[in-house]
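Colleague: Next comes the sequence, and after it the predicted model I'd like to discuss.
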Amino acid sequence: MASEIERREVSELASLLGVNKEETLRLALREGIHELRIRKAIELYVSGKASVKQAARFAGLDLADWFAIAREKNLLVQIRPEELEEDVEALQELK
């Protein structure tokens, strides 16, 4: 259950956004989930538990957006040789 402070914050944000409280909560939930996915993807990538492509996929981003996030967060981006091989194979199949 939301506290009084949280309910007040939702009301204030709804007024600022010019939408009702329900829409404010939907927007906050969607944005919160997006940010949590990115944060977890970064954690997995930095710990070596996820490749570049896996992290991007988990974060719900394409590679270009993942690279932009990585640049913002000063992450060292390393693409594993097997990932490149997979991409080359996929491109060859398109021919």
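Modeller: It's in.
Colleague: I'd like to know which elements the helix or strand containing residue 22 is packed against.
Modeller: In this structure, residue 22 is located in helix 21-46 according to DSSP states H and E. Applying 3 or more CB pairs under 8 Å, 6 or more residues apart in numbering; DSSP states H and E, we find helix 21-46 packed against helix 4-17, helix 52-59, helix 63-72. The way it works is simple: take the backbone N, C-alpha and C, and place the C-beta from them, glycine included.
Colleague: mind putting these in a markdown table, mean pLDDT included?
Modeller: Shown next, in a markdown table, are the helices and strands packed on helix 21-46 (pLDDT from 0 to 100):
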| stretch | mean pLDDT |
| --- | --- |
| helix 4-17 | 95 |
| helix 52-59 | 93 |
| helix 63-72 | 92 |
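Colleague: Indicate which one of those helices is closest to residue 45.
Modeller: helix 52-59 (3.9 Å; CB to CB).
Colleague: quick revisit: between the helices and strands packed on helix 21-46, which gets nearest to residue 78?
Modeller: Proximity to residue 78 (CB to CB) singles out helix 52-59 among the helices and strands packed on helix 21-46, at 7.3 Å.
Colleague: sorry, back to before: and the helix holding residue 22, average pLDDT?
Modeller: Per-region confidence: helix 21-46 scores 96 on mean pLDDT.
Colleague: Over to stretch 76-84?
Modeller: Over the span of stretch 76-84, the pLDDT mean works out to 77.
Colleague: Could you pull up the residues touching the nearest residue to residue 54 once chain neighbours are set aside?
Modeller: Once flanking residues are discounted, residue 54 sits nearest to residue 44: 7.3 Å by CB to CB, 6 or more residues apart in numbering. If you count contacts by CB atoms under 8 Å, 6 or more residues apart in numbering, residue 44 has them with 50, 54, 55, 58.
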